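1. Build me a structure from this.
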Amino acid sequence: MLLFVVSLAVLVSGLLSSGCGGVEGKTVKARTVSPSAGAAPLSQDYLRGLVADSLGDANLIRRADLSGEGMERKVEIAVDRPPACGDGSVEGTMAAFTSKTMAELFSHPEIASVTIAMYGRDQGIKGNDVAVRVVVDRATALETDWSMIGPMTISSMVSEYYIHPQIVENANTENGGFSVSN
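-> Prediction:
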């Protein structure tokens, strides 16, 4: 089972590097600050840089907001579905983005919850329908091995999970009836 999950993670990484996770040819400037013990509190600029790095294309960011105070900070991220991301790759793309982004965000002790929503129900069409949304609270984050999140496990490893039914239906058709959603 572990070999299957690791293989799946490698496959998802390959999909992201082949264009599903961003637009080919675009580069995003890397952040110069990384969290560590005693690091400064998360800033709005740092958050936006993290999201851009994780996506590989800053143009896909709709918003990356940080709210709340003290140890109850909340992060809300909204991104557009990458144009090259087919229905069968939506969950894998979100799993890779979630594991990469949330692992770093929850290394900041002041983060209480993170919500990520990907918009664009239909491939290649910018829309306002939520394609997939993931919510993770601090309690769930503390129990999560981010390296184990993949398209087959994401729905059971997060606090809240939603994927548009049309995407599931289309992905099942693309995958010969194999369900990609739990």
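
2. For this structure, just list every one of the helices.
-> 2-15, 44-55, 90-105, 138-142, 154-157, 165-174 (DSSP state H).

3. Specify the angle between the longest one and helix 165-174 in degrees.
-> With axes from the mean of the first three to the mean of the last three Cα atoms, to 10 degrees applied, the angle from helix 90-105 to helix 165-174 works out at 120 degrees.

4. just the second one next, same as before
-> Using the same axes, to 10 degrees, the interaxial angle of helix 44-55 with respect to helix 165-174 works out to 20 degrees.

5. So which bits of helix 44-55 are buried?
-> 46, 47, 48, 49, 50, 51, 52, 53, 54, 55 (16 or more other Cβ atoms under 10 Å). For glycine as for every other residue, the C-beta is placed from the backbone atoms N, C-alpha and C.

6. Looking at the helices of the chain, spot the one closest to residue 76.
-> Distance to residue 76, taken as Cβ to Cβ, is lowest for helix 44-55 among these, at 9.9 Å.

7. what is the mean pLDDT for the closest one?
-> In this model, helix 44-55 has an average pLDDT of 91.

8. same check, this time on stretch 99-118
-> The predicted model assigns stretch 99-118 a mean pLDDT of 95.

9. Chain neighbours aside, what residue packs nearest to residue 75?
-> Using Cβ to Cβ, 6 or more residues apart in numbering and skipping the chain neighbours, the partner closest in space to residue 75 is residue 114 (4.4 Å).

10. so what's the one you found up against?
-> Contact analysis of residue 114 by Cβ atoms under 8 Å, 6 or more residues apart in numbering lists 74, 75, 76, 77, 101, 102, 105, 106, 135, 136, 141.

11. Pull out the buried members of those.
-> Buried among the contacts of residue 114 (16+ other Cβ under 10 Å): 75, 76, 77, 101, 102, 105, 106, 135, 136, 141.

12. Could you report the distance from the residue nearest to residue 75 to residue 121?
-> Per Cβ to Cβ, to the nearest Å, residue 114 is found 22 Å from residue 121.

13. Next one: the nearest residue to residue 58 once chain neighbours are set aside from residue 61, what distance?
-> Closest residue to residue 58 apart from its sequence neighbours, by Cβ to Cβ, 6+ apart: residue 52 at 3.9 Å. Using Cβ to Cβ, residue 52 is found at 6 Å from residue 61.
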